[in-house]
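S.K.: show me the folded form of this:
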Amino acid sequence: MTEQATKRLTDRLEESTSNRRIAWWLFACCGLLVAMILVGGATRLTHSGLSIVEWQPIVGTLPPMNHEAWIDAFQKYQDSPEYRYINRGMSLEEFKSIFWWEYFHRLLGRTIGLVFLAPLLYFISRRMIRRGLTRKLLGIFLVGALQGAMGWYMVTSGLIHDPHVSQLRLAAHLGLALLLLAAMLWTALTLVYPIGGAVPKARALQRAAAALTVLIFVMALSGALVAGLRAGLIYNTFPLMHGYVLPPGGMVMTPWYTNLFSNLVTVQFDHRLLAWLLAVLVPWFWWRARHAPGLTPRAHTAIRLLLAMLVIQVSLGISTLLLIVPTGLAVTHQAGAVLLFAAAVNATHALYYGTPGTKRTPLPREQTRRSDVPAVA
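M.R.: Predicted coordinates for the structure are as follows:
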């Protein structure tokens, strides 16, 4: 083996090792983000999101450490509209029970920021990240910071007059979290799987997968509107809404488009409509992929996973509706939405990357040590 060939192979081995480390770090960040979304759902369902009325990114890392600090935090909460109009007479112990949900939600956000930033700086200092990837990762960090700011912007909507957060800000908060999840997951998958040339006959499936991912994202946002308006507490029947396809009162607000965001009837109807649409399109997509030539086993597996997650999510949604939104089931339903979205991102990636005709092939696992590299004549 020539010296130049040896250097190329060594560089490739080092890049492969670095890519795996970065990918697993991003997968871990994805797991933490999913956990934060679920804790956020539980915080909302337990009506705990307005218990901390200040935004202190640094000082607020520590909870009240003594009785005097708890009294101070409770007095600040007593000045909020939620206490005055809903929780008047609440005891200190009752306040603590809602405080901890919001505290852990914020703590998870800070933890994700630290878990993302510290390794990122380490990888950059060790020159383990390609220049183009560094810009992408820094962009992901900025989206994460924006997500935290949006969370506080959402909370402030319930601290002025109305003791309920804006459903639009809630949807934006969730939307940024899902975009952050998609960016980290897509980047990690790209580091694990080789960049491949598209299978010509699969291009229609690639476009369909991307469209389904967008549709699932929109459905998740519509679910946030349902949650923000508590629209799941009405019309708890299925498949019809108390005998109607669209009950009376669905388009009574003016201008008409405000019904899409603020009318409980219309918001729940839209969420159901999107679920029905996915219930038709995802099985159709699976059927088309099943008979498409040239797809990799990974692509087939990813598409089957997407179909399975849709079945689970629709079942959870119907159960949550019929049982009038019990907390545990509602949190599980939110988890299903996040996992369904992640499955769609994974299926889309599997159709674009790692397909036959790849430009480069990853090194076999047994060749990840220099001593295992075969000699080249």
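S.K.: what segments of the protein are helices?
M.R.: Ranges of helices in the chain, per DSSP state H, are 3-45, 67-78, 81-85, 92-125, 131-156, 167-192, 203-229, 259-262, 264-290, 297-322, 327-352.
S.K.: so which of the ones you listed gets nearest residue 248?
M.R.: helix 264-290 (8.0 Å; C-beta to C-beta). Where C-beta positions appear, they are placed from N, C-alpha and C, glycine not excepted.
S.K.: ok so, going back, so which of the helices of the chain is the most packed in?
M.R.: helix 327-352 (a mean of 22; mean count of other C-beta atoms under 10 Å).
S.K.: show me how far it is from its chain's centre.
M.R.: Averaged C-alpha coordinates place helix 327-352 at 8 Å from its chain's average position (C-alpha atoms, centre = their mean, to the nearest Å).
S.K.: which strands and helices sit next to that helix?
M.R.: helix 3-45, helix 167-192, helix 203-229, helix 297-322 (3 or more C-beta pairs under 8 Å, 6 or more residues apart in numbering; DSSP states H and E).
S.K.: that one vs helix 203-229, what angle?
M.R.: Inter-element angle recorded for helix 327-352 and helix 203-229: 160 degrees (by axes from the mean of the first three to the mean of the last three C-alpha atoms, to 10 degrees).
S.K.: relative orientation of helix 327-352 and helix 264-290 in degrees?
M.R.: Using the same axes, to 10 degrees: helix 327-352 against helix 264-290 is 40 degrees.
S.K.: any low-confidence regions in the stretch 201-350 of the chain?
M.R.: 201 (pLDDT under 70).
S.K.: re the thing from before, next, format the helices and strands packed on helix 327-352 as a markdown table and append distance to residue 121.
M.R.: Output for these, formatted as a markdown table (distance: least, C-beta to C-beta, whole Å):
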| stretch | distance to residue 121 |
| --- | --- |
| helix 3-45 | 12 |
| helix 167-192 | 17 |
| helix 203-229 | 31 |
| helix 297-322 | 32 |
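S.K.: that older thread, nearest to residue 243, out of the helices of the chain?
M.R.: Comparing the helices of the chain by C-beta to C-beta, helix 264-290 comes nearest, at 13.6 Å.
S.K.: wait, doesn't residue 292 sit right on residue 208?
M.R.: No - Residue 292 lies out of contact with residue 208 (C-beta atoms under 8 Å); the separation is 10.6 Å.
S.K.: okay if I get the helices of the chain as a markdown table plus distance to residue 53?
M.R.: Shown next, in a markdown table, are the helices of the chain (distance: least, C-beta to C-beta, whole Å):
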| stretch | distance to residue 53 |
| --- | --- |
| helix 3-45 | 14 |
| helix 67-78 | 5 |
| helix 81-85 | 9 |
| helix 92-125 | 10 |
| helix 131-156 | 8 |
| helix 167-192 | 16 |
| helix 203-229 | 19 |
| helix 259-262 | 25 |
| helix 264-290 | 27 |
| helix 297-322 | 30 |
| helix 327-352 | 23 |
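S.K.: spatially nearest residue to residue 71 (excluding sequence neighbours)?
M.R.: Sequence neighbours aside, residue 92 is the residue nearest to residue 71 in space, at 7.4 Å (criterion: C-beta to C-beta, 6 or more residues apart in numbering).
S.K.: measure that neighbour to residue 75 for me?
M.R.: 10 Å (C-beta to C-beta, to the nearest Å).
S.K.: and for residue 318?
M.R.: 44 Å.
S.K.: and for residue 210?
M.R.: Taking C-beta to C-beta, one finds residue 210 at 51 Å from residue 75.
S.K.: what about the nearest residue to residue 81 once chain neighbours are set aside, neighbour count?
M.R.: Excluding the flanking residues, the one nearest residue 81 by C-beta to C-beta, 6+ apart is residue 163, at 4.2 Å. Using other C-beta atoms under 10 Å, the number of residues around residue 163 comes to 17.
S.K.: repeat for residue 63
M.R.: Residues lying near residue 63 (other C-beta under 10 Å) number 15.
S.K.: for residue 295, grab phi and psi.
M.R.: Geometry field for residue 295 lists phi and psi as phi -80, psi 150, criterion degrees, to the nearest 10.
S.K.: surely it and residue 304 touch.
M.R.: No - using C-beta under 8 Å, residue 295 is not in contact with residue 304, being 11.5 Å away.
S.K.: contacts for stretch 143-156?
M.R.: 49-50, 52, 55, 57, 106, 109, 112-113, 116, 165-166, 169-170, 172-173, 176-177, 179-180, 183 (C-beta atoms under 8 Å, 6 or more residues apart in numbering).
S.K.: quick one: mean pLDDT for that stretch?
M.R.: For stretch 143-156, the mean pLDDT works out to 93.
S.K.: now stretch 106-120
M.R.: 95.
S.K.: now for residue 23: which residues touch it?
M.R.: Contacts of residue 23 by C-beta under 8 Å, 6+ apart are 188-189, 191-192.
S.K.: any idea how far residue 332 is from it?
M.R.: When distance is defined by C-beta to C-beta, residue 23 is 28 Å away from residue 332.
S.K.: what's the answer for residue 229, then?
M.R.: Taken as C-beta to C-beta, the span from residue 229 to residue 332 is 20 Å.
S.K.: likewise residue 232?
M.R.: From residue 232 across to residue 332, the span is 14 Å (C-beta to C-beta).
S.K.: likewise for residue 99?
M.R.: For residue 99, the distance to residue 332 (C-beta to C-beta) stands at 24 Å.
S.K.: equivalent analysis for residue 306, please.
M.R.: Relative to residue 332, and taking C-beta to C-beta, residue 306 is found at 19 Å.
S.K.: out of the helices of the chain, flag the one nearest residue 241.
M.R.: Using C-beta to C-beta, the helices of the chain put helix 264-290 closest to residue 241, at 6.9 Å.
S.K.: compute the inter-axis angle for that closest one and helix 167-192.
M.R.: 20 degrees.
S.K.: got a list of what residue 50 touches?
M.R.: Residue 50 makes contact with 80, 82, 102, 155, 158-159, 163, 165, according to C-beta under 8 Å, 6+ apart.
S.K.: good, wrapping up.
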